[in-house]
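S.K.: Structure for this input, please:
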Amino acid sequence: MTSTILSAMRNPAMRISMLAIFLFGFAGAATSPYQSVVGINELGLSDAIYSLLILLASTVNVIVSVSIGILADRVGNYRVLMSTAILFGVVGYGIVYVLPYQTSFVVSVLLLLPIYGALYTLLFANVRSIARRMSGHDAASLTTGARAAISVSWVLVPGLVGFALAGGESMLPAYLLACLGCLANLLIVYFRLPNEGGADAALGKRLSYWTSFREILAPRIFLRVIAVATITSTLHVNAAVLPLIMTDEIGGSVTDIGIIVGIVAFLEVVFIFVWARIQLSLVPFKALALGTAIYIGYMALLGFSTATWQIYALTLIGAFGAAALITIPISYLQDLIADRPGLGSSLIAVNLFLSGGLCAGLFALGTRISNYSGTALLGGVAGSAGLLLLLVLDGDRKGKRTVSREPG
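M.R.: Residues are numbered from 1 along each chain as shown. Below you'll find the predicted structure:
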């Protein structure tokens with residue numbers, strides 16, 4: 001697996017793609033932890049308005065991501081599309097810093113940054129275009145390496161930004177750093193990224209906009225997306241309840257939360273490559289099923305935790321399971337429409353949208369009928385339901401990959 005990644009890094013397109021992915025992660029990692037602080041505490045948005053803004057932004061992002069994935073398959077020019085998306089990031093982060101008002105923040109978060117977020121689809125579509133010239137296992141290894149680049153940025157950047165801005169009166173300079181990161185990314189992609197081809201033009205009418213949407217909604221694809229979204233919603237549930245369990249139910253501190261998040265982030269980077277090795281002997285759905293079972297076990301143990309040391313002890317199993325759930329679904333979803341890198345990669349955005357919505361519902365239900373620990377257990381139940389659906393859909397495939405055919 002490591003030799004595959006090192007070999008691929010000799011490819012100029014792959015080197016630039018990995019750097020672009022890291023810089024994409026840099027911009028997000030520099031601002032996402034502080035976005036609510038800037039919007040609510042510094043610019044004065046209400047909690048309700050901010051929540052609505054995030055919901056609408058997620059909707060815009062998934063629509064744009066699917067649309068741009070379809071467009072990428074049709075025009076086959078990833079460099080121009082990626083450069084355009086990055087330009088929205090330069091402007092989106094820049095106006096928040098230069099014009100720190102509610103209006104500019106809303107325009108940025110609601111329109112500019114969701115369009116920039118579609119770069120995620122394009123980045124993995126571009127990697128997929130490179131990887132499809134390789135064997136299935138090698139392609140999965142490259143996807144793993146690409147996802148690791150984002151994880152590395154999240155390990156390094158939030159702490160460095162927090163340290164750099166500690167003691168300051170505002171977190172707005174984080175948006176300047178993100179803007180500069182996007183600007184560097186724009187220059188690198190536009191001037192250095194070799195262009196990869198899109199989907200085969202012989203696919204004909206399958207490349208049309210509405211036919212592409214129907215392909216996503218075809219039961220054999222959408223049911224699998226639902227299964228993966230239900231599984232990965234457990235990651236969001238954990239992110240929501242772990243800090244609250246730590247501080248409100250077992251007497252831990254905010255410092256404990258920071259330490260645990262840092263440990264898990266570091267271990268995830270290591271375990272991402274362990275899972276890439278595991279995928280050499282397991283097809284994606286079997287590896288995903290194994291990782292899901294491990295993470296369900298983690299969620300159950302988290303729900304029954306009664307002491308701080310127990311949550312520290314869970315970081316190993318939690319990071320191991322999480323590493324599977326943040327990487328394997330990428331290859332699995334892309335394989336659902338394997339002959340269309342753009343549309344297949346747009347399923348990643350659909351999954352993020354659906355899993356975030358499921359998390360919101362699970363959190364609301366769990367906190368209504370139980371406490372935060374009970375919500376963690378409910379998240380594990382949801383993960384079990386997703387795992388069961390995955391096994392029902394793919395349990396008889398015997399190692400074959402799902403390749404989409406024309407609907408109808």
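S.K.: Pretty sure Cys179 is one of the things Gly94 touches, is it not?
M.R.: Yes - with contacts counted by CB atoms under 8 Å, Gly94 reaches Cys179, the gap being 4.3 Å. Every residue, glycine included, has its C-beta placed from N, CA and C.
S.K.: Looking at the two, which has the bigger crowd around it?
M.R.: Cys179 (23 against 20; other CB atoms under 10 Å).
S.K.: got a list of what that one touches?
M.R.: 89-90, 93-94, 97 (CB atoms under 8 Å, 6 or more residues apart in numbering).
S.K.: what about 6 Å?
M.R.: 90, 93-94 (CB atoms under 6 Å, 6 or more residues apart in numbering).
S.K.: Next, it: phi, psi?
M.R.: Dihedral pair for Cys179: phi -60, psi -40, per degrees, to the nearest 10.
S.K.: quick one: it and Val90, what's the gap?
M.R.: Separation of Cys179 from Val90 (CB to CB, to the nearest Å) stands at 6 Å.
S.K.: Which positions in stretch 265-273 come out as buried?
M.R.: For stretch 265-273, the neighbour count (16 or more other CB atoms under 10 Å) marks 265-269, 271-273 as buried.
S.K.: Check stretch 173-183 too.
M.R.: Quick answer for stretch 173-183 (16+ other CB under 10 Å): 174-183.
S.K.: what's the average pLDDT for that stretch?
M.R.: Regarding stretch 173-183, the rounded mean pLDDT is 97.
S.K.: Report the distance from it to the chain centre.
M.R.: Relative to its parent chain, stretch 173-183 has a centroid offset of 20 Å by CA atoms, centre = their mean, to the nearest Å.
S.K.: residue contacts, the residue lying closest to Leu110 once chain neighbours are set aside?
M.R.: What sits nearest to Leu110 in space, not counting adjacent residues and going by CB to CB, 6 or more residues apart in numbering, is Ala57, at 5.4 Å. By CB under 6 Å, 6+ apart, the residues touching Ala57 are 109-110, 114.
S.K.: Which strand or helix spans Ala57?
M.R.: Per DSSP states H and E: Ala57 is located in helix 47-75.
S.K.: ok, and for that helix, which residues are buried?
M.R.: In helix 47-75, counting by 16+ other CB under 10 Å, buried: 50, 53-54, 57-58, 60-62, 64-74.
S.K.: how much does the helix or strand following that helix deviate in direction from helix 47-75?
M.R.: Using DSSP H and E, the helix or strand that follows helix 47-75 in sequence is helix 78-98. Going by axes from the mean of the first three to the mean of the last three CA atoms, to 10 degrees, helix 78-98 is angled at 160 degrees with respect to helix 47-75.
S.K.: now the residue nearest to Leu110: how far from Cys179?
M.R.: For Ala57 relative to Cys179 (CB to CB), the value is 18 Å.
S.K.: likewise Tyr298?
M.R.: Taken as CB to CB, the span from Tyr298 to Cys179 is 37 Å.
S.K.: Kindly report the same for Ile245.
M.R.: Taking CB to CB, one finds Ile245 at 36 Å from Cys179.
S.K.: One more: Thr143?
M.R.: Taken as CB to CB, the span from Thr143 to Cys179 is 28 Å.
S.K.: Could you chop this structure up by domain?
M.R.: 1-198, 204-408 (automatic domain parsing).
S.K.: Report the rounded mean pLDDT for the last one.
M.R.: When pLDDT is averaged along domain 204-408, the result is 89.
S.K.: how distant is it from the center of its chain?
M.R.: The answer for domain 204-408 is 10 Å, by CA atoms, centre = their mean.
S.K.: So which bits of stretch 75-90 are buried?
M.R.: 76, 78-79, 81-90.
S.K.: If you could redo that for stretch 234-243, that was the one I meant.
M.R.: 234-238, 240-243.
S.K.: Stretch 268-287 too?
M.R.: Going by 16+ other CB under 10 Å, stretch 268-287 has these buried residues: 268-269, 271-273, 275-276, 278-279, 282-287.
S.K.: sorry, back to before: can you list the contacts of Cys179 in JSON lines and add pLDDT and distance to Phe124?
M.R.: Putting these into JSON lines (pLDDT from 0 to 100; distance: CB to CB, whole Å) gives the following:
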{"residue": "Val90", "pLDDT": "98", "distance to Phe124": "21"}
{"residue": "Tyr93", "pLDDT": "98", "distance to Phe124": "22"}
{"residue": "Gly94", "pLDDT": "98", "distance to Phe124": "25"}
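S.K.: Out of those residues, which comes closest to Ile369?
M.R.: Tyr93 (39.9 Å; CB to CB).
S.K.: and the gap between the closest one and Val62?
M.R.: 21 Å.
S.K.: Let's see the helix or strand harbouring Gly321 as PDB, backbone CA atoms only.
M.R.: Taking DSSP H and E as the definition, one finds Gly321 inside helix 315-336. Taking Å, rounded to 0.1, in the frame of the first residue of the first chain, the C-alpha atoms of helix 315-336 are listed here in PDB:
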ATOM      1  CA  THR A 315      -9.600   6.700  22.200                       C
ATOM      2  CA  LEU A 316      -7.700   3.700  20.600                       C
ATOM      3  CA  ILE A 317     -10.800   1.800  19.600                       C
ATOM      4  CA  GLY A 318     -12.700   5.000  18.700                       C
ATOM      5  CA  ALA A 319      -9.900   6.200  16.400                       C
ATOM      6  CA  PHE A 320      -9.500   2.800  14.800                       C
ATOM      7  CA  GLY A 321     -13.200   2.600  13.900                       C
ATOM      8  CA  ALA A 322     -13.400   6.300  12.900                       C
ATOM      9  CA  ALA A 323     -10.500   5.900  10.500                       C
ATOM     10  CA  ALA A 324     -12.500   3.200   8.700                       C
ATOM     11  CA  LEU A 325     -15.700   5.300   8.600                       C
ATOM     12  CA  ILE A 326     -14.000   8.500   7.200                       C
ATOM     13  CA  THR A 327     -12.000   6.700   4.500                       C
ATOM     14  CA  ILE A 328     -13.700   3.500   3.200                       C
ATOM     15  CA  PRO A 329     -17.000   5.100   2.300                       C
ATOM     16  CA  ILE A 330     -15.200   7.300  -0.200                       C
ATOM     17  CA  SER A 331     -14.000   4.300  -2.300                       C
ATOM     18  CA  TYR A 332     -17.300   2.500  -1.700                       C
ATOM     19  CA  LEU A 333     -19.500   5.400  -2.900                       C
ATOM     20  CA  GLN A 334     -17.200   6.100  -5.900                       C
ATOM     21  CA  ASP A 335     -17.500   2.400  -6.900                       C
ATOM     22  CA  LEU A 336     -21.300   2.700  -7.100                       C
END
